[in-house]
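1. Next comes the sequence, and after it the predicted model I'd like to discuss.
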Amino acid sequence: MNFLFISYHMARRQLKEEYGKDEILAEDMGFFYHIFFNKYNYLFKTYGNLIICHEGMGSLDWRRSIYSDYKRNRDKSKTEQSYLDLKKTFPVVEGILDLYPTKQIKVDGMEADDVMYAIAMHEAAKGEEVLVISTDKDMIQLKNKFDSIDVYSPIKRLYYEKQENIVMEKAVCGDASDNIPGLYRVGPKTLEKMLVDKDLWRKKMANGNKEIYESFTKIIDLSLFPADKHAEAVKQYEEMEYNLFDPNQIELFYFEQKLQDHLTRWGSEAGDIIDELTNQGIKTKSFNPFKNTIVSMEAEVDTDVDDFLKDFI
């Protein structure tokens, strides 16, 4: 669900640039929903079914039991009004995504990355090709495990390549985004030297650093997350049916939120999604577009929004 955060901050940026607003107010939520569903509609038209992974309750508990400051740098932002406003959209967004051909997986005690890792590994082990869409470079660990797993970053607009030492580099050099400091005064260049100089490695791992390194490795390496939780995520995924695509209820949501541009395009976009699902042999609900809904939007506004979204798609 990092698309949700991306969309929200893109909407804030657009409001700031176009209207000088610093915050998204209730009347501005259409900007957010426009960006969010524009992206998801593109994905559904392209791939059909999607598996969406969420954070579960207590998702940070296991890693914080090993390193108490894990992601503590994000605690303050979760008390800010912008986050609290965004949090209110969670149940709305999840409810609407249930109207699309999705499986939404959420397991208590697991971060979304852990859920993605478990399901991707499960499918790849069966010989399936897997596409993971995420901005988080931790997902490169999946690429290191299976060539049949592709990891795509929608922000950088690229597929990540293998990076064999990604866990070691984060454990040694740190990861500011997750509040992992790494080893004192050891950066990427020093790590390169350590990898070819065993004496330097032993020196840097002395004085308790080896234990610190091992602790950081445990919380960074997704394969070291408790196996029973991985199994729980896979079980939920296997037992859950994909939601049946319901274009009529989605159209009603667009209407209620006054998303005029989406309403204008929905007949075509819903048709494209239905075509993709039909090609995959997946049933959908029949679509009966509103017959008495009149919508309008100035062409230049719609064009500006689409141009803005090119950087996102």
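-> That came through fine.

2. now the strands: where do they sit in the stretch 51-200 of the chain?
-> In the stretch 51-200 of the chain, the strands defined using DSSP state E, counting those that start in this stretch lie at 102-105, 130-133, 149-153, 158-159.

3. and the ones you listed as JSON lines, adding mean pLDDT, mean neighbour count and distance to residue 68?
-> The C-beta positions use only the backbone N, C-alpha and C, and glycine is treated the same way. Compiled in JSON lines, those are given as follows (pLDDT from 0 to 100; neighbours: other Cβ atoms under 10 Å; distance: least, Cβ to Cβ, whole Å):
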{"stretch": "strand 102-105", "mean pLDDT": "98", "mean neighbour count": "20", "distance to residue 68": "27"}
{"stretch": "strand 130-133", "mean pLDDT": "96", "mean neighbour count": "18", "distance to residue 68": "29"}
{"stretch": "strand 149-153", "mean pLDDT": "96", "mean neighbour count": "19", "distance to residue 68": "29"}
{"stretch": "strand 158-159", "mean pLDDT": "96", "mean neighbour count": "10", "distance to residue 68": "35"}
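
4. Which one of those lies nearest to residue 196?
-> strand 149-153 (28.2 Å; Cβ to Cβ).

5. That closest one pairs with which strands, and in what direction?
-> Sheet pairing here is set by DSSP bridges, and for strand 149-153 it gives strand 130-133 (parallel), strand 158-159 (antiparallel).

6. Would you tell me which of the ones you listed gets closest to residue 223?
-> Proximity to residue 223 (Cβ to Cβ) singles out strand 130-133 among those, at 15.1 Å.

7. Give me the distance from the closest one to the chain's centre.
-> On the basis of Cα atoms, centre = their mean, to the nearest Å, strand 130-133 sits 11 Å off its chain's mean C-alpha point.

8. following the helix or strand hosting residue 218, which helix or strand shows up next?
-> Here residue 218, judged by DSSP states H and E, is contained in helix 209-220. Next helix or strand after helix 209-220 toward the C-terminus (DSSP H and E): helix 227-239.

9. With residue 53 as the reference, measure out to the residue of the chain positioned farthest from its centre.
-> Most distant residue from the mean C-alpha position of the chain: residue 199, 40.8 Å away (Cα atoms, centre = their mean). Applying Cβ to Cβ, to the nearest Å, the value for residue 199 to residue 53 is 43 Å.

10. residues contacting the closest residue to residue 85 other than its chain neighbours?
-> Nearest residue to residue 85, sequence neighbours excluded (Cβ to Cβ, 6 or more residues apart in numbering): residue 24, at 6.6 Å. The contact partners of residue 24, by Cβ atoms under 8 Å, 6 or more residues apart in numbering, come to 8, 11, 12, 15, 31, 32, 82, 85.

11. Give me the phi and psi for the fifth one.
-> Comment: the main-chain dihedrals of residue 31 come out as phi -60, psi -50, following degrees, to the nearest 10.

12. Next, find the distance separating the residue farthest from the centre of the chain from residue 42.
-> Taken as Cβ to Cβ, the span from residue 199 to residue 42 is 53 Å.

13. do the same with residue 254
-> Counting by Cβ to Cβ - residue 254 and residue 42 are separated by 15 Å.

14. Between the two, which is the more surrounded one?
-> Neighbours were counted for residue 254 and for residue 42 using other Cβ atoms under 10 Å; residue 254 has more, 25 against 16.

15. Make sure I have this right: the more buried one is in a helix.
-> Yes - according to DSSP: H, G, I helix; E, B strand; the rest coil, the state of residue 254 is that of a helix.

16. Now do the same for it: its pLDDT.
-> The model reports residue 254 with a pLDDT of 94.

17. That one reaches residue 264, doesn't it?
-> No - between residue 254 and residue 264 there is no contact under Cβ atoms under 8 Å: 9.6 Å.

18. returning to that earlier point: where's the residue farthest from the centre of the chain relative to residue 188, distance?
-> Residue 199 sits 19 Å away from residue 188, going by Cβ to Cβ.

19. Poorly predicted segments of the stretch 151-300 of the chain, please.
-> Low-confidence segments of the stretch 151-300 of the chain (pLDDT under 70): 290-300.

20. ok, which stretches of it are helices?
-> For the stretch 151-300 of the chain, the helices defined by DSSP state H, counting those that start in this stretch occupy 166-173, 188-196, 198-204, 209-220, 227-239, 247-256, 260-279, 299-310.

21. Now do the buried residues in the second one.
-> Using 16 or more other Cβ atoms under 10 Å as the burial criterion, the residues of helix 188-196 that qualify are 191, 194.

22. can you list the residues that contact that helix?
-> Under Cβ under 8 Å, 6+ apart, the answer for helix 188-196 is 165, 168, 169, 172, 173, 186, 200, 201, 204.
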